[in-house]
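A.B. asks: okay, here's the prediction I keep looking at, along with the sequence it came from:
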Amino acid sequence: MASSWTWKKAIKVGAAAATAGGGGCALLYLTSVYNSDRKKEQVQQKLAASGLNKRPSKPLPTRADQLNSLANEQFDVLIIGGGATGSGCALDAASRGLKTAMVEYDDFSSGTSSRSTKLIHGGVRYLQKAIMNLDIEQYKMVKEALHERANLLEIAPHLSFPLPIMLPVYKWWQLPYFWAGIKAYDLVSGGDCLKSSYILSKSRALELFPMLKKNELKGAIVYYDGMHNDARMNISIAISAVRLGATVANHVKVVDLIKTDGIVSGAKVRNQLTGEEFSIKAKSVINATGPFTDSIRKMDDGQTRDIVCPSAGIHIMLPDYYSPSNMGLLDPATSDGRVIFFLPWQGLTIAGTTDTPCPVTNSPGPSESDIQFILSEVKNYLTPDIDVRRGDVLSAWAGIRPLVKDPNAGDTASLVRNHVVHVSDSKMVTIAGGKWTTYRAMAAETVDEAVEAAQLGVGPSMTDGLLLEGAHNWAPTMFIRLVQDLGVDTAVAQHLSDTYGDRAFSVGKMAGLTGQRWPIVGRRIHQEFPYIDAEVRYAVKEYAATAVDVIARRLRLSFLNVQAAEEALPIVVSIMADELGWDKEEQDKQTEDAMDFLRMQMGKDLNKASRDNIPVSLTKAEIAEYVKRFNALDDGKKGYISINDIRKSLKSQGEEVTGQQIHELLNELDANHNGQVEVEEYLQMMSAIKSGTVSHSRFAKMAEMDYKAKKYGEHMERSGGGV
């Protein structure tokens, strides 16, 4: 009874606070909605008159054609960097009619732009600071981000969507406090508000997020932000620029800048895949290289001071059962004052992020301490019924956030809260800082500066409301047509629709026959994910040039499950070899490079180390039981388990597996890579499973079933399924 009274009292306190200024707030909100709707109508009229929102029908030029154009033509604008901001600059410039070029050292979105929290947000925390500190600049930053959030959901509806995020409340005083802040977020959004926030009782919060810790939970507040597939969004922006006439190329590194009479007029570049060097001529050069901003600035002026303060943000992927499929969670105050998001993404759960100073590198990797920090914070918010295990970490990665100092300011110590656009004495334009959500506004401001610096004489930005690749004819029910017209299964059709939009039919038509009654086409490259063979072929048409380009940015496999990415790698390399004419030597190189990427940047080595470093902590009874299982598998009592032992055991259990699958089973335990499993390695694995450092093992299950079959007879009745 007391709990019910306290809940009602807290609601009344919050309602009274809102009512006090209700009339003025309501008028402000309605005015904002009216102005937003009017602006959208004007934007659509302008785009319709320009013809920019008409769906392009011409095929994409090949990568070879793009490289030839870069080497032999002169451009109005050259953009260095193919992340979200650089690609946004290319699209903005091309939409104004400028002859545009863009080069990227690695792959489009290979850096920070593919390693985000996947949120498109205005910044609830920034709004809180703006209100508490009466900071008008911070308020404007949030207002701009909220508009860009709504715009991104409109121009790429297949890639982005509103996501409800729960803010659990464990103290009564927090309820009116948080509610007032979240309602202010809605109010500032105005006509760009995705959906209205709301309050939940304890029982309703647990119904929607049953994994939550129940003890002392008072209720929850739910608000909405956007979510997207960041790498695919980035690639779509780059491809949209190409559709409007931009010339772009990945795996092209800038090695020096070209100057004419002291003014930057192009760049010397190197094709990273062939080693060929050539020059690109341009009237204006934009530096949009994120964490690598200072390296390009020093090519322009060797004495310039650094402005980037790199900070690493770590994320981990967990199984789907850690969160509901349609509700995220925000921890607003972790044990060290940081914020942790816990979000459903691509059928799994993403958790992060950290914020740790780091060096600038092309290959950032996660650290075990950051993984453990995130796991401990996750554990604080989940019910004790869920055993949060290190072995549940499917992949982990780091992204370098380029926090910046303003080069125009005298004070070099303070960081800017938004972004910086700087024009050097030689007229090179640098854009640095900011965040994913505001890439378009940042790009527009940057191109404005380039147009003025080089006196290019074109009109204002045209990208507000400009549809991205795949958005023109997309509808939420389009996946049904893919199932009916092409014969792909529903999960694959949904994935193709949500990834490629109205280009999904072009992808699906490249799919090979499955040889089954259903689905007819679309061979999955890994049984756990809806990625199919056709996507690899289509990725090559969209300038994927390495195996890492595909498993990391085009398919997202490495970010979702590093083990699954390794298992799919041979198929990916084989398909790319057919498309690009790779010989055996090149296929081996691509495989080796991809494995290095998975080991160092996607957490594979850390996952292995966490297992191998666990001390064997088994009881005498457990050791005796596991030694019996080991000996049952060891045919001939050799003292180790070989490939032939595994093959024989699986055959006796009626399991049909490929040679590759047998090697995968062996490799789970073969720590010293000698092609056999010793009893010490087996006990190490069983100890890791007991501690939760490893979630499960196919080898362990096979050994258990083999032992039981031999102990109780070959024809014993099995329960619980096979391997």
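C.D. replies: Nice, I can see it.

A.B. asks: got the contact list for the nearest residue to residue 503 once chain neighbours are set aside?
C.D. replies: What sits nearest to residue 503 in space, not counting adjacent residues and going by Cβ to Cβ, 6 or more residues apart in numbering, is residue 470, at 4.8 Å. Using the backbone N, CA and C atoms, a C-beta is placed for each residue, glycine as well. Neighbouring residues of residue 470 by Cβ atoms under 8 Å, 6 or more residues apart in numbering: 156, 158, 159, 236, 500, 501, 502, 503, 504.

A.B. asks: closest to residue 87 among the residues you listed?
C.D. replies: Lowest distance from residue 87 to the contacts of residue 470 (Cβ to Cβ) belongs to residue 236, with 8.8 Å.

A.B. asks: ok, that closest one to residue 447 distance?
C.D. replies: For residue 236, the distance to residue 447 (Cβ to Cβ, to the nearest Å) stands at 19 Å.

A.B. asks: hang on, the earlier thing: now, the most widely separated pair of the contacts of residue 470?
C.D. replies: Spatial extent of the contacts of residue 470 (Cβ to Cβ) is set by the pair 156 and 504 at 13.8 Å.

A.B. asks: those two: who's more crowded?
C.D. replies: residue 504 (28 against 25; other Cβ atoms under 10 Å).

A.B. asks: by contact count, what packs against the helix or strand that one falls within?
C.D. replies: Residue 504 belongs to helix 504-508 when assigned by DSSP states H and E. The contact analysis (3 or more Cβ pairs under 8 Å, 6 or more residues apart in numbering; DSSP states H and E) places helix 504-508 against helix 478-486, helix 490-500, helix 533-541.

A.B. asks: ok so, going back, Throw the contacts of residue 470 into TSV and include pLDDT and distance to residue 193, thanks.
C.D. replies: Converted to TSV, the contacts of residue 470 look like this (pLDDT from 0 to 100; distance: Cβ to Cβ, whole Å):
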residue	pLDDT	distance to residue 193
156	98	19
158	98	21
159	98	20
236	98	25
500	98	29
501	98	25
502	98	27
503	98	30
504	98	30
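
A.B. asks: I'd like the average pLDDT over stretch 624-638.
C.D. replies: For stretch 624-638, mean pLDDT is 88.

A.B. asks: start at 46 instead
C.D. replies: With 46 as the first residue, the last one maps to stretch 669-683.

A.B. asks: list the buried residues for that stretch?
C.D. replies: 671, 674, 675, 677, 678, 679 (16 or more other Cβ atoms under 10 Å).

A.B. asks: and what of stretch 101-120?
C.D. replies: Buried residues in stretch 101-120 (16+ other Cβ under 10 Å): 108, 111, 112, 114, 115, 116, 120.

A.B. asks: same question for stretch 178-197.
C.D. replies: Residues 183-184, 186-197 are the ones in stretch 178-197 that count as buried (16+ other Cβ under 10 Å).

A.B. asks: likewise for stretch 549-562?
C.D. replies: Neighbour-count burial for stretch 549-562 [16+ other Cβ under 10 Å]: 549, 550, 552, 553, 555, 556, 559.

A.B. asks: let me know how buried residue 419 is, in neighbour terms.
C.D. replies: Residues lying near residue 419 (other Cβ under 10 Å) number 25.

A.B. asks: just to revisit the earlier point, let's see which of the buried residues of stretch 101-120 end up in strands.
C.D. replies: Under the assignment DSSP state E, those contribute residue 120 to strands.

A.B. asks: would you turn the buried residues of stretch 101-120 into CSV with distance to residue 525?
C.D. replies: Conversion of those to CSV gives the following (distance: Cβ to Cβ, whole Å):
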residue, distance to residue 525
108, 34
111, 36
112, 40
114, 40
115, 42
116, 45
120, 43
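
A.B. asks: any chance of the buried residues of stretch 101-120 in CSV, plus distance to residue 529 and pLDDT?
C.D. replies: What follows is those, written out as CSV (distance: Cβ to Cβ, whole Å; pLDDT from 0 to 100):
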residue, distance to residue 529, pLDDT
108, 34, 97
111, 36, 98
112, 40, 98
114, 40, 98
115, 42, 98
116, 46, 98
120, 45, 98
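
A.B. asks: ok, which stretches of the stretch 596-745 of the chain are helices?
C.D. replies: Under the criterion DSSP state H, counting those that start in this stretch, the stretch 596-745 of the chain contains helices at 602-605, 607-625, 629-646, 649-657, 665-678, 688-697, 704-712, 724-736, 743-757.

A.B. asks: and the fourth one, what's buried?
C.D. replies: To tie it back to what came earlier, the one meant is helix 649-657. By neighbour count on 16+ other Cβ under 10 Å, the buried set for helix 649-657 is 649, 650, 651, 652, 655, 656.

A.B. asks: where does pLDDT dip in the protein?
C.D. replies: 46-82, 453-462, 758-768 (pLDDT under 70).

A.B. asks: what's around the closest residue to residue 751 other than its chain neighbours, how many residues?
C.D. replies: Take residue 751 and drop its neighbours on the chain: the residue closest to it by Cβ to Cβ, 6+ apart is residue 694, 4.5 Å away. When neighbours are counted by other Cβ under 10 Å, residue 694 registers 23.

A.B. asks: hang on, residue 311 in a strand?
C.D. replies: Yes. Under DSSP: H, G, I helix; E, B strand; the rest coil, residue 311 falls within a strand.

A.B. asks: wait, isn't it in contact with residue 125?
C.D. replies: No. Look at residue 311 against residue 125 with Cβ atoms under 8 Å: they stay out of range, at 10.8 Å.

A.B. asks: neighbour count: those two, which is higher?
C.D. replies: residue 125 (29 against 22).

A.B. asks: residues contacting that one?
C.D. replies: Taking Cβ under 8 Å, 6+ apart as the criterion, residue 125 is in contact with 131, 147, 148, 299, 312, 330, 331, 332, 333, 334, 341.

A.B. asks: just name the closest of those residues to residue 539, please.
C.D. replies: Checking the contacts of residue 125 against residue 539 with Cβ to Cβ, the nearest one is residue 131 at 30.6 Å.

A.B. asks: name the helix or strand for the closest one, please.
C.D. replies: Element membership for residue 131, per DSSP H and E: helix 129-140.

A.B. asks: show me what the next helix or strand after that helix is packed against.
C.D. replies: Scanning forward in sequence from helix 129-140 by DSSP H and E, the next helix or strand is strand 145-148. Helices and strands touching strand 145-148, as assessed by 3+ Cβ pairs under 8 Å, 6+ apart, comprise helix 108-117, strand 119-125, helix 129-140, helix 275-288, strand 292-294, strand 297-305, strand 322-332.

A.B. asks: looking at those, which is buried most?
C.D. replies: Highest mean neighbour count of the helices and strands packed on strand 145-148: helix 129-140, a mean of 32 (counted as mean count of other Cβ atoms under 10 Å).

A.B. asks: can you give me how far that one is from the chain middle?
C.D. replies: 20 Å (Cα atoms, centre = their mean, to the nearest Å).

A.B. asks: again, but for stretch 337-345
C.D. replies: Using Cα atoms, centre = their mean, the offset of stretch 337-345 from its chain centre is 26 Å.

A.B. asks: quick check: buried residues in that stretch?
C.D. replies: For stretch 337-345, the neighbour count (16+ other Cβ under 10 Å) marks 337, 338, 339, 341, 342, 344, 345 as buried.

A.B. asks: which ones among the residues you listed lie within helices?
C.D. replies: 338, 339, 341, 342, 344, 345 (DSSP state H).

A.B. asks: I'd like these laid out as JSON lines, including distance to residue 636.
C.D. replies: Formatted as JSON lines, those follow (distance: Cβ to Cβ, whole Å):
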{"residue": "338", "distance to residue 636": "33"}
{"residue": "339", "distance to residue 636": "34"}
{"residue": "341", "distance to residue 636": "32"}
{"residue": "342", "distance to residue 636": "37"}
{"residue": "344", "distance to residue 636": "34"}
{"residue": "345", "distance to residue 636": "39"}
